[in-house]
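# Coordinates only, no sequence provided:
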């Protein structure tokens with residue numbers, strides 16, 4: 001990131017703009033600081049957000065009008081991917097960076113497909129954790145858990161007693177990193193973080209991942225989006241396809257592979273353009289699902 005006087009060319013040069021060296025995480029969560037999870041809730045039409053979140057979200061939408069569509073198609077991808085994993089027999093789901101739960105949440109989809117599915121939500125925002133715990137009243141005891149933890153500390157997540165008590169890492173798990181890695185800087189070890197989590201998974205596990213990208217947006221929109229998120233709870237690190245694919249390591253992609261977000265199995269694995277939402281071409285994000293052999 002750069003300061004407000006920087007040019008678009010300065011911001012985008014060599015993708016260094018995405019690394020946000022000058023961004024520092026807030027020392028404590030504050031409703032006066034725009035939070036990425038609450039901004040996402042606003043894009044989805046939710047009400048669990050504050051004035052600072054709404055102002056930042058509206059500024060981001062002004063720079064990139066397809067943001068609400070991106071949020072909706074990302075939520076739809078989550079649902080399709082969870083249903084796919086459940087259909088392949090997976091009964092353990094670890095959703096990191098879950099955001100504020102909404103209709104079509106991981107637990108809703110997974111436990112509708114397989115009532116015995118266990119879901120663990122992990123987020124570093126106490127407000128998110130509070131909302132997620134509110135869902136527990138409608139779920140079978142012990143089948144849905146919430147952990148307050150930070151993706152930037154994968155070792156702590158893997159050793160967390162609540163995670164160990166909820167899932168068996170010796171059996172297949174669906175690891176969900178949906179629209180969260182673009183809030184992790186390269187210098188915070190984004191690839192190391194994902195590799196640590198991948199390595200802890202048993203064969204037969206699946207990685208479900210989506211990630212914002214500049215590949216389908218104008219340079220100006222990408223730069224302005226990065227600038228706006230500089231004042232939020234996490235920086236925006238849009239990555240090109242070549243930088244997203246390595247997050248999957250040696251996992252084997254299922255068809256159609258790593259693709260533009262709306263194109264991941266929109267209708268029973270087919271891609272009929274007529275069934276895609278208007279403006280889908282402007283959704284600047286990738287999505288993929290891959291298995292560990």
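Received the coordinates, thanks. Treat the numbers as computed from the prediction; the structure is a model and nothing was measured.
# which ones are touching residue 145?
Listed by C-beta atoms under 8 Å, 6 or more residues apart in numbering, the contact partners of residue 145 are 118, 119, 120, 121, 162, 163, 165, 166. C-beta: built from backbone N, CA, C; applies to glycine.
# Give me the PyMOL select line for those residues, limited to the buried ones.
The buried residues among the contacts of residue 145 can be selected in PyMOL (16 or more other C-beta atoms under 10 Å) with this line:
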select buried, resi 118+119+120+121+163+166
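# The contacts of residue 145 in strands, which ones?
118, 119, 120, 121 (DSSP state E).
# Surely the last one and residue 144 touch.
Yes - at 7.4 Å, residue 121 and residue 144 qualify as touching, with contact defined as C-beta atoms under 8 Å.
# which SS class is residue 171?
Here residue 171 is coil, with the state taken from DSSP: H, G, I helix; E, B strand; the rest coil.
# gap between the closest residue to residue 150 other than its chain neighbours and residue 267?
Spatial nearest neighbour of residue 150, chain neighbours left out: residue 124 (4.3 Å); criterion: C-beta to C-beta, 6 or more residues apart in numbering. Residue 124 sits 35 Å away from residue 267, going by C-beta to C-beta, to the nearest Å.
# The two - which one has more neighbours?
Legend: neighbour count by other C-beta atoms under 10 Å for residue 124 and residue 267, higher for residue 124 (20 against 11).
# what sits against the more buried one?
Shown in contact with residue 124 (C-beta under 8 Å, 6+ apart): 148, 149, 150, 151.
# cool, and residue 42?
Contacts of residue 42 (C-beta under 8 Å, 6+ apart): 49, 53, 54, 57.
# cool, and residue 171?
Residue 171 touches 92, 202, 204, counting by C-beta under 8 Å, 6+ apart.
# Let me see the contact set for the first one.
For residue 92, the set of contacting residues under the criterion of C-beta under 8 Å, 6+ apart consists of 117, 118, 167, 168, 171, 172, 173, 174.
# Per-residue pLDDT of residue 22, please?
The score at residue 22 is 39. That number is its pLDDT.
# what's the answer for residue 197, then?
98.
# next one: residue 137
pLDDT, read off for residue 137, is 60.
# Helices along the stretch 101-250 of the chain, start to end?
Using DSSP state H, counting those that start in this stretch, the helices of the stretch 101-250 of the chain run over 106-113, 126-134, 154-159, 161-166, 190-199, 219-229, 241-244.
# Pipe the ones you listed into a markdown table and attach distance to residue 181 per row.
Shown next, in a markdown table, are those (distance: least, C-beta to C-beta, whole Å):
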| stretch | distance to residue 181 |
| --- | --- |
| helix 106-113 | 17 |
| helix 126-134 | 17 |
| helix 154-159 | 12 |
| helix 161-166 | 19 |
| helix 190-199 | 6 |
| helix 219-229 | 14 |
| helix 241-244 | 8 |
